[in-house]
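Visitor: Got a predicted model here, sequence first, then my questions.
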Amino acid sequence: MLRRLIVIVTAAILFNSSLTLAESKKPIPPDKFPPSPLEITTPDPLLPRLPKDKQSLTLEEQQKLEPALDALNQEAGAKLQAGDEVAAFEIWNRELRLRRFLGSLAEVQALSRVGAIAWKENDGPEVQYITQRLQAIQKQAESQKTTAEIDLQLWRSLGQAYQNVRSPKLALEAYSQVLLVVRQQKNPIALVEMLKTIGELHLSWFDYRKAAPIYEELLALATSQGERVNEVTYLQRLADIYEQTKQPQQSLNVLNKLAEIYVNENNLTEIPELKLAIASDYESLAKKDPNLLLEAFKNYQEAYTTAWQLQEYVRAGEALQKLIALYRSQGQTDEALQASQILVQTQTQATNFYGMMQAYDQIGQLYLERKEFPQALTAFKKGLELAQQLKYEEAYFTGQIEKVSKANL
C-alpha cells in the first residue's frame, strides 16, 4: 500500500513539473504575413521623386514613365520564360507599384494582366496581393464621383481583373455597377454585352440559377428585336440551364419554342434530339400529372420517326429505347415488343451489332414475362449468335438459353 502511495505521489510531482515547464514556455508567435510588395514606398530609379498621387506627375513624366514600365513587363516575361519565376514577379511588382502613377485605369489593366499570369503559375500570395490592390482601387472609385464614361471603363476593367484572379463574386460586383449605368443610359448594345458577360460568368462557375434570369432577359431582348440567331442561342443556353437545375416545366417552354423555330425554318436535323428532351420533360412532369404521359409517348415517337426519315439511325434507336422503357413501365408489353422488333431493324440499319444483341435480349425478356418460351428461346439464340461474333456476353446468353429450355419442358 505504501509503495503504491509513493508511486502516485511521484507521478503527481512529475506531472506538475511538466505542467510548470510547459507553462513557462510561451508559445512562439507565428510569422507575420509579409507586407504586400505592391505597397512598398521606397524611391525607385524610374521615379526619383516619389509623388503623393498620380496628379503630381507632369505629362512629360508620364510619357517617359510608360515605355519604361512596358520594358519592365517585357523583362519580367523573359525571366519567367527562362524559368526564374521569383525574379519575374519581383520585376512585375515593381512595374505595378509604378503603374499606379499613370492612373487607376492603367493600373487595373496591368494588375489584370499580371494577375492572370500569377493564377496560371499557381502563385497564391501574388494573386492575393493583386486582389487586395484591386479592392483598394474599387473602394477609392466608389468614393469618387467620375464621369460615366471613365467610370464604365474602370469598372469593366475591374470586373475583368477579378475574373483573371478567379474572384467571381467581386467580378459580379464590378459588373453590376456597369450594368446599372448602361440601364440608366438606355444603351441596348452595351446592355446586351454586359448581360452576356454576367451570364457567361455565372455559367463558368456553374451558378445556373443566377444565370437563368440573365438569359431570359437576353432572350426577351433578342425576340423583341427580331434577332433570330441570338434568340436560338439564348434558348439553347436556357435549355441547358433548366436541364441542369431540374426544372422540366421551364425546360419545356424553351424547348417547344426552339422546336417551333426549327420547324418553321425546315431545320429538321435538330428535331429528333429536341423531341427526346421534350419527351423526357413530359415524363418527369407525369410523376405529378399522369395525363402528361401521352405527350411523352407522342414526342418519343416523333423523335424516332424524324430520325428514321433523316437516316439518323443511332438517334432513332435511342428514341426507341426510351419508348420501350416507357411502355414497360406502364405494363404495355405488346407495344414494347413491337417497338423492340423495330429496334432490331433500326440497329441493323445503323450496323450496330451490340445494339442488335441488346435488342434481342430485350425481346427475350419480354417474351419471358409473357411465358412465351419458344419465342424467348429464338430471341436469345439470335442474341447468342451476335455475342459470339462480338466475343462478348456469350456466357450470359448461353445461360438464358439453358434457363428457357428448362422452363419450356
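Guide: It's in.
Visitor: Point out the other helices and strands that the helix or strand hosting residue 406 packs with.
Guide: Residue 406 belongs to helix 394-407 when assigned by DSSP states H and E. If you count contacts as 3 or more Cβ pairs under 8 Å, 6 or more residues apart in numbering; DSSP states H and E, helix 394-407 packs onto helix 353-369, helix 373-390. Glycine gets a C-beta too; all of them are placed from N, C-alpha and C.
Visitor: Please identify the most buried of those.
Guide: Of the helices and strands packed on helix 394-407, the one with the most neighbours on average (mean count of other Cβ atoms under 10 Å) is helix 353-369, at a mean of 21.
Visitor: Now do that helix and helix 373-390, the angle between them.
Guide: 160 degrees (axes from the mean of the first three to the mean of the last three Cα atoms, to 10 degrees).
Visitor: Let me see the residues that make contact with helix 353-369.
Guide: With Cβ atoms under 8 Å, 6 or more residues apart in numbering as the test, helix 353-369 has contacts from 317, 324, 328, 333, 336-337, 340-341, 343-344, 347-348, 373, 375-377, 379-380, 382-383, 386-387, 389-390, 392-393, 397, 400, 404.
Visitor: ok, now with 7 Å
Guide: 317, 324, 333, 336-337, 340-341, 343-344, 347-348, 375-376, 379-380, 382-383, 386-387, 389-390, 400, 404 (Cβ atoms under 7 Å, 6 or more residues apart in numbering).
Visitor: closest to residue 198 out of the helices and strands packed on helix 394-407?
Guide: helix 353-369 (43.6 Å; Cβ to Cβ).
Visitor: now the angle from the closest one to helix 394-407?
Guide: Using the same axes, to 10 degrees: helix 353-369 against helix 394-407 is 20 degrees.
Visitor: what's the offset of helix 353-369 from the middle of its chain?
Guide: 38 Å (Cα atoms, centre = their mean, to the nearest Å).
Visitor: Ok, stretch 106-117 next?
Guide: Per Cα atoms, centre = their mean, the centroid offset for stretch 106-117 relative to its chain is 25 Å.
Visitor: quick revisit: so which of the helices and strands packed on helix 394-407 is nearest residue 203?
Guide: helix 353-369 (34.2 Å).
Visitor: before we move on, the earlier item: take the helices and strands packed on helix 394-407 and write them to a markdown table, including mean pLDDT and distance to residue 257.
Guide: As requested, these are exported to a markdown table (pLDDT from 0 to 100; distance: least, Cβ to Cβ, whole Å):
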| stretch | mean pLDDT | distance to residue 257 |
| --- | --- | --- |
| helix 353-369 | 96 | 33 |
| helix 373-390 | 95 | 42 |
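Visitor: For residue 302, which of those helices is the nearest?
Guide: Here helix 353-369 is closest among the helices and strands packed on helix 394-407 (Cβ to Cβ), at 20.9 Å.
Visitor: CA atoms of that closest one as CSV?
Guide: Once non-C-alpha atoms are left out, helix 353-369 reads as follows in CSV (Å, rounded to 0.1, in the frame of the first residue of the first chain):
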residue,chain,number,x,y,z
PHE,A,353,-24.2,-5.2,-83.6
TYR,A,354,-24.0,-4.5,-79.9
GLY,A,355,-27.3,-2.7,-80.2
MET,A,356,-28.9,-5.6,-82.1
MET,A,357,-27.7,-8.0,-79.4
GLN,A,358,-29.2,-5.9,-76.7
ALA,A,359,-32.5,-5.6,-78.6
TYR,A,360,-32.7,-9.4,-78.9
ASP,A,361,-32.0,-9.7,-75.2
GLN,A,362,-34.8,-7.3,-74.6
ILE,A,363,-37.2,-9.2,-76.8
GLY,A,364,-36.3,-12.4,-75.0
GLN,A,365,-37.0,-10.9,-71.6
LEU,A,366,-40.4,-9.5,-72.8
TYR,A,367,-41.4,-13.0,-74.1
LEU,A,368,-40.3,-14.5,-70.8
GLU,A,369,-42.7,-12.1,-69.0
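Visitor: I'd like the distance from whatever helix or strand residue 180 lives in to the chain centre, please.
Guide: Following DSSP H and E, one finds residue 180 within helix 168-185. Helix 168-185 sits 22 Å away from the centroid of its parent chain (Cα atoms, centre = their mean).
Visitor: Can you tell me what sits against it?
Guide: 138, 148, 151-152, 155-156, 158-159, 162-163, 190-191, 194, 197-198, 201, 205.
Visitor: give me that answer again for 6 Å
Guide: Identification of contacts with helix 168-185 by Cβ atoms under 6 Å, 6 or more residues apart in numbering yields 148, 152, 155-156, 158-159, 162-163, 190-191, 194, 198, 201, 205.
Visitor: Take these and keep only those in helices.
Guide: Using DSSP state H, the subset of those located in helices is 148, 152, 155-156, 158-159, 162-163, 190-191, 194, 198, 201.
Visitor: before we move on, the earlier item: among the contacts of helix 168-185, name the buried ones.
Guide: 152, 155-156, 158-159, 162-163, 190-191, 194, 198, 201 (16 or more other Cβ atoms under 10 Å).
Visitor: just to revisit the earlier point, pipe the contacts of helix 168-185 into JSON lines and attach distance to residue 261 and pLDDT per row.
Guide: Output for the contacts of helix 168-185, formatted as JSON lines (distance: Cβ to Cβ, whole Å; pLDDT from 0 to 100):
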{"residue": "148", "distance to residue 261": "37", "pLDDT": "49"}
{"residue": "152", "distance to residue 261": "34", "pLDDT": "91"}
{"residue": "155", "distance to residue 261": "36", "pLDDT": "96"}
{"residue": "156", "distance to residue 261": "33", "pLDDT": "96"}
{"residue": "158", "distance to residue 261": "38", "pLDDT": "98"}
{"residue": "159", "distance to residue 261": "33", "pLDDT": "98"}
{"residue": "162", "distance to residue 261": "36", "pLDDT": "98"}
{"residue": "163", "distance to residue 261": "32", "pLDDT": "98"}
{"residue": "190", "distance to residue 261": "27", "pLDDT": "95"}
{"residue": "191", "distance to residue 261": "24", "pLDDT": "97"}
{"residue": "194", "distance to residue 261": "26", "pLDDT": "97"}
{"residue": "198", "distance to residue 261": "25", "pLDDT": "98"}
{"residue": "201", "distance to residue 261": "27", "pLDDT": "97"}
{"residue": "205", "distance to residue 261": "29", "pLDDT": "95"}
